[in-house]
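Chemist: No sequence on hand, only this structure:
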């Protein structure tokens, strides 16, 4: 059945509460590892098999990845579509993203089987918007925890995130919390890194977290070397390697402030690296 599912993302318990008890979810994937028994801070109602009328709603933002942002009565609607179903998931959210409704299509070829509400891309889109309300940021990065400290290796596609994750994977005392997307929040004066379910080619996703000790902007190189970055340079580089609601000026303002504070507080450097174990030893031997 579409059972109640509370997922912890960035340390925030989010309840997905179905309106019915018949049927079941598909494509839960790694999200199951992020389930929690904590009391939810956010509750989203899940509706199976029907959608509200979207006629004549203006499109505020649209992507080639198959989703649209609409607005109605101050609320944000995210519509995800496919070649077969338009939409197949719809999110209708309050302005602060602390409550909302998720509508799921019922594919005719698989009656009673519903797409998991936070499957790609809806979960990422919801979290990106929630974080932008003053909570944190979602980075295009590999996240590694070693000895209670977190390292963020940031990069766009083909920059070496999954390569880096695979080099660290399996080392004693190391947890690779994701090879593609991580959350960073400022809590009690410290920046914390969290794993997410939305992994890259390496398939690495863990619900672990740790204080962020260093930020690296990845670059393939002929040797392992760190190049210094000013806070402004680091913030600029991270802005282009993050998932940001570019259609929302208030969220952009928060993002810029967050990056400024992050890059002032945490060492940020460009890391040119070799794709072998020496790159891991190089970072592991750094003195914080």
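Modeler: Okay, I see it. All figures in this text were calculated on a predicted structure; none of them were measured in a lab.
Chemist: switch to C-alpha atoms for all contacts and neighbour counts from now on
Modeler: Noted.
Chemist: List the buried residues in the longest helix seen in the chain.
Modeler: With secondary structure taken from DSSP state H, the chain has its longest helix at helix 249-265. Buried residues in helix 249-265, counting neighbours by 16 or more other C-alpha atoms under 10 Å, are found at 251, 252, 254, 255, 258, 259, 260, 262, 263, 265.
Chemist: just stretch 201-210 next, same as before
Modeler: 202, 204, 205, 206, 207, 208, 209, 210.
Chemist: Do you know the pLDDT at residue 178?
Modeler: Per-residue confidence (pLDDT) for residue 178: 98.
Chemist: and it, what does it touch?
Modeler: Counting by C-alpha atoms under 8 Å, 6 or more residues apart in numbering, residue 178 touches 141-144, 165, 195-200, 203-206.
Chemist: now residue 97
Modeler: 126, 129, 130 are the contacts of residue 97 under C-alpha under 8 Å, 6+ apart.
Chemist: For residue 115, see how far away the residue nearest to residue 35 when sequence neighbours are not counted is.
Modeler: Leaving out its chain neighbours, the residue that sits closest to residue 35 by C-alpha to C-alpha, 6 or more residues apart in numbering is residue 7, at 4.4 Å. As judged by C-alpha to C-alpha, to the nearest Å, residue 7 and residue 115 stand 16 Å apart.
Chemist: Over to residue 196?
Modeler: Counting by C-alpha to C-alpha, the gap from residue 196 to residue 115 is 19 Å.
Chemist: which one of those two has more residues nearby?
Modeler: residue 196 (29 against 20; other C-alpha atoms under 10 Å).
Chemist: Determine the three-state secondary structure at the residue nearest to residue 35.
Modeler: strand (DSSP: H, G, I helix; E, B strand; the rest coil).
Chemist: Tell me if I'm right that it and residue 38 touch.
Modeler: No - between residue 7 and residue 38 there is no contact under C-alpha atoms under 8 Å: 9.1 Å.
Chemist: Neighbours of the spatially closest residue to residue 32 that is not a sequence neighbour, how many?
Modeler: Spatial nearest neighbour of residue 32, excluding adjacent residues (C-alpha to C-alpha, 6+ apart): residue 7 at 8.0 Å. As a burial measure, residue 7 scores 24 neighbours (other C-alpha under 10 Å).
Chemist: what's near enough to touch residue 7?
Modeler: Counting by C-alpha under 8 Å, 6+ apart, residue 7 has contacts 13, 14, 15, 16, 31, 32, 34, 35, 36.
Chemist: Residue 120: which of those residues is nearest?
Modeler: Distance to residue 120, by C-alpha to C-alpha, is smallest for residue 31 among the contacts of residue 7, at 10.8 Å.
Chemist: Confirm that residue 32 sits in a strand.
Modeler: No - Residue 32 is assigned helix when assessed by three-state DSSP, not a strand.
Chemist: Per-residue pLDDT of it, please?
Modeler: Model confidence at residue 32, given as pLDDT, is 95.
Chemist: same deal with residue 157?
Modeler: 82.
Chemist: Just the element for it, please.
Modeler: Remark: residue 157 resides in no helix or strand, with elements defined by DSSP states H and E.
Chemist: residues in contact with residue 79?
Modeler: Residue 79 makes contact with 67, 68, 69, 70, 87, 88, 89, 90, 91, according to C-alpha under 8 Å, 6+ apart.
Chemist: what about the closest residue in space to the first one that isn't next to it in sequence, how many residues close to it?
Modeler: Put plainly, it is residue 67. Closest residue to residue 67 in three dimensions, ignoring its sequence neighbours and counting by C-alpha to C-alpha, 6+ apart: residue 80, at 4.3 Å. If you count neighbours by other C-alpha under 10 Å, residue 80 ends up with 20.
Chemist: separation between residue 80 and residue 279?
Modeler: Look at residue 80 and residue 279: by C-alpha to C-alpha, they are 40 Å apart.
Chemist: Just confirm residue 166 is within a helix.
Modeler: Yes - residue assignment for residue 166, taken from three-state DSSP, places it within a helix.
Chemist: just checking, it touches residue 201?
Modeler: No - in this structure residue 166 lies outside contact range of residue 201 using C-alpha under 8 Å: 10.1 Å.
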